Each structure stands twice: as C-alpha cells, then as structure tokens.
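S.K.: let's see this in three dimensions:
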Amino acid sequence: MSIKTKLLIFTLSISLIPISIITTVFYINTRSTLKNHVMNEMSAIAESKKLHLLSFIDAKKGRAIDFSSDGFMRNSLETIASMGTQSDAVFLLNEHLKENKMPLDPHLLAIDIVGIDGRVVSSTIEASCGREVSNYELFQKLINETYGYTYIKEPHYSKTLNRIDLDVCAPLFPQRGGDAIGTIILHYNPSAFNLITSDRTGIGETGEIYIVNRDMKMLTESRYIEDAVLRQIVDTEPVRRIVEDGNGGMTGIYPDYRGVPIVGASKDIPEYGWILLAEMDKAEAFASILQLRILTICMGCVSSIVVI
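M.R.: Next up is the predicted model:
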C-alpha cells in the first residue's frame with residue numbers, strides 16, 4: 001500500500017475507534033441508569049401500595065375496636081347470655097346492628113355477634129343466627145385476649161354469605177369488666193382491596209398490582225384473568241422466595257403467573273401472611289432502552305459517515 005493509503009487508514013482508525021468506544025460506553029451507562037430507574041420505581045410503587053393496604057386494614061381494625069366498645073351491644077349480649085336467644089334483646093340488637101352500625105362503613109357485608117359458646121346470637125343476616133363459628137379454636141383464642149385486640153381472617157369463601165369475604169374480629173367484654181362474653185365479626189367485601197390494587201398509576205398499560213397469600217393464591221382481581229380471586233395460583237420466583245425462604249421481597253425480572261417476562265417488585269406483609277406484587281411487562285418497562293439503542297446506533301452511524 002502507498003503511504004497515502006496507509007495515512008488514510010490510520011486517520012480513519014483513530015477517528016472511528018474513539019467514536020465506537022464512546023458510543024458503546026454511552027449506551028451501556030445510560031441503559032444501566034434507565035434499568036435501575038425502572039427497578040427503583042417498581043419497588044417504590046410496591047412499597048407505597050403496601051403502606052396503603054396496611055393503612056386500610058388498620059382502619060378496619062379500628063372500626064372493629066370501636067364497635068366492640070358499644071355499650072348497648074355489650075349489655076344486650078349479657079342479657080342474651082342470661083335470658084337466652086328467645087328474648088327481645090336479640091331483636092333489638094339485630095335492629096341496632098342494621099340501623100346504627102351497618103351504615104357507618106360502605107364496605108361492610110354483614111355483622112355477627114357470637115356468644116361465649118361459639119354460636120351466632122345476633123346478626124344483620126337472619127340465616128346466620130344460631131350457626132357455629134367455623135374455627136372454634138380461633139374463637140377460643142380470641143375471647144382470651146384483652147380489649148383492643150383484633151384478628152384478621154383473610155379473604156375466604158363464606159357459605160352463609162355465599163361469596164368471598166374478609167373478616168375482622170374483636171372480643172366483647174361486659175360493661176362492668178371481667179372476662180370476654182363473646183366476639184364481634186365484621187364481614188367486609190374484599191373488593192375494597194381492589195380500590196388499592198386497581199390504581200395502576202405509573203405502571204403503564206400492562207402493569208398490575210395484586211396480593212397473594214402463603215398458599216400462593218391470588219386474593220385480589222387480576223388484570224388478565226377472570227375470577228382469579230382464590231383460584232389463580234401464583235407460583236413465581238418472588239412468591240417462592242418469601243414463602244419458602246422467608247425473604248422479605250425482591251425486585252427483578254422474571255416470568256409472571258402468565259409466563260410473560262415482567263419487571264416486578266414484591267413486598268412481604270408477614271403480619272397477615274400476604275405478599276404484594278407490582279409488575280409490568282418487560283417489553284413496556286424497557287421500551288425506552290430500545291429507543292435508546294436505536295438512537296445510539298443512528299448517532300454512531302452518522303458520526304462515522306461524517307468522518308469517512
């Protein structure tokens with residue numbers, strides 16, 4: 001090759017090689033920054049929803065404690081315990097629950113008052129009266145607790161209500177003090193959870209937020225599957241990590257319950273045995289990275305053409 005050719009090749013090399021290196025380093029660094037931003041954003045959304053959920057549950061527990069302090073309710077239960085369920089106290093208590101308690105919370109489905117023997121003595125649903133509580137051991141534990149204690153029974157199918165409900169329970173004590181004389185059970189519509197999980201601000205067109213229990217069953221509605229509550233199994237990596245290893249949560253890329261690659265964050269809620277997940281399809285979450293790749297390639301090509 002002539003000296004002129006060699007100089008031309010050398011000049012092109014010292015011009016194109018730095019352009020290639022700079023373009024590659026720029027793309028890698030920017031891609032890493034965007035990826036971390038997406039991950040952090042999903043984790044922040046999951047944490048925000050977890051705090052919102054805990055606040056919602058605390059409000060319902062506060063409602064149960066407030067109801068359990070009702071003097072008329074406690075006196076009526078004492079009267080029923082001494083005079084039996086055929087007394088007028090049952091009718092008056094039923095009316096009190098329907099007219100004065102049910103309207104206070106729009107999410108309430110029903111209210112049950114359970115006697116010390118574990119049977120429903122008063123209820124806003126007539127069919128509930130006389131039935132035994134489904135978990136008597138839990139009932140025994142509940143009446144041995146102190147005032148202010150509450151228990152949350154996660155969404156489950158109720159035969160009496162013929163639907164899925166969420167129960168919040170609290171012990172009832174006599175006005176003059178002493179041992180518990182029964183419990184109050186507030187039956188809530190679990191669709192109230194969907195007011196929290198259906199707000200998908202910040203997670204695009206494919207994102208969803210949902211809650212799973214320790215049996216890996218979905219407790220809230222799915223964006224993609226009909227009738228998913230207590231039917232859809234979510235056997236995914238973040239759920240397994242929490243259920244099997246006790247991991248507090250993770251943020252990463254993994255296949256969701258549909259088998260679709262997603263970017264997601266999970267948060268453990270150990271006090272209730274729930275797991276909250278916020279997820280978005282990987283393709284949508286990293287769409288900006290694809291655009292960056294195309295832009296970087298175009299910039300490198302244009303720069304190379306100008307040099308050549």
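S.K.: what about stretch 207-219, how long is it end to end?
M.R.: 17 Å (CA to CA, to the nearest Å).
S.K.: any buried residues in it, and which?
M.R.: Residues of stretch 207-219 classed as buried by neighbour count (16 or more other CB atoms under 10 Å): 207-213, 216-219. No exception for glycine: its C-beta is placed from N, CA and C like everyone else's.
S.K.: swap in stretch 239-247?
M.R.: Under the neighbour-count criterion of 16+ other CB under 10 Å, stretch 239-247 has 239, 241-243 buried.
S.K.: residues contacting it, please?
M.R.: Contact with stretch 239-247 is made by 212, 214, 216, 248-250, 266, 268, 275, 277, as judged by CB atoms under 8 Å, 6 or more residues apart in numbering.
S.K.: separate out the buried members of the residues you listed.
M.R.: 212, 216, 249-250, 266, 268, 275, 277.
S.K.: ok, P174 - contacts?
M.R.: Shown here is P174, whose contacts under the criterion CB under 8 Å, 6+ apart are 74, 78, 181.
S.K.: in TSV: those residues, plus neighbour count.
M.R.: Converted to TSV, these look like this (neighbours: other CB atoms under 10 Å):
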residue	neighbour count
R74	20
E78	17
I181	20
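S.K.: looking at those residues, which are in helices?
M.R.: With helices taken from DSSP state H, the overlap with the contacts of P174 comprises 74, 78.
S.K.: tell me the one of the contacts of P174 nearest V120?
M.R.: In terms of CB to CB, no member of the contacts of P174 lies closer to V120 than I181, at 14.1 Å.
S.K.: and stretch 166-178, how far apart are its ends?
M.R.: Length of stretch 166-178, first residue to last, CA to CA: 29 Å.
S.K.: in that stretch, what's buried?
M.R.: Residues of stretch 166-178 classed as buried by neighbour count (16+ other CB under 10 Å): 166-173.
S.K.: averaged pLDDT, it. What do you get?
M.R.: Mean pLDDT, stretch 166-178: 89.
S.K.: same check, this time on stretch 68-79
M.R.: On average, the pLDDT along stretch 68-79 is 92.
S.K.: now what about that stretch, what contacts it?
M.R.: Stretch 68-79 is contacted by residues 67, 87, 89-90, 92-93, 96-97, 101, 113, 115, 121-122, 147, 170-175, 181-182, 184 when judged by CB under 8 Å, 6+ apart.
S.K.: which members of the buried residues of stretch 207-219 occur in strands, if any?
M.R.: For the buried residues of stretch 207-219, the ones inside strands are 208-213, with DSSP state E as the criterion.
S.K.: grab the most central residue of the chain for me.
M.R.: Geometric centre of the chain, nearest residue: I211, 3.6 Å, by CA atoms, centre = their mean.
S.K.: what comes up buried for stretch 28-42?
M.R.: Of all the residues in stretch 28-42, those buried under the rule 16+ other CB under 10 Å are 30-31, 34-35, 38-39, 41-42.
S.K.: quick one: the strands in the stretch 101-250 of the chain?
M.R.: All strands of the stretch 101-250 of the chain, identified by DSSP state E, counting those that start in this stretch, fall at 108-115, 120-123, 151-158, 163-172, 182-188, 208-213.
S.K.: and the ones you listed as CSV, adding distance to S303?
M.R.: Output for the strands of the stretch 101-250 of the chain, formatted as CSV (distance: least, CB to CB, whole Å):
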stretch, distance to S303
strand 108-115, 66
strand 120-123, 77
strand 151-158, 58
strand 163-172, 61
strand 182-188, 62
strand 208-213, 42
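S.K.: weakest of those in terms of mean pLDDT?
M.R.: strand 151-158 (a mean of 88).
S.K.: just the CA trace of that one, in CSV.
M.R.: Taking C-alpha atoms only, strand 151-158 is exported to CSV below (Å, rounded to 0.1, in the frame of the first residue of the first chain):
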residue,chain,number,x,y,z
TYR,A,151,-57.9,-10.7,64.3
ILE,A,152,-58.0,-10.5,60.5
LYS,A,153,-59.2,-13.6,58.6
GLU,A,154,-58.0,-13.3,55.1
PRO,A,155,-60.4,-13.4,52.1
HIS,A,156,-62.2,-16.8,52.1
TYR,A,157,-65.5,-18.3,50.8
SER,A,158,-68.4,-17.8,53.2
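S.K.: many thanks, we can stop here.
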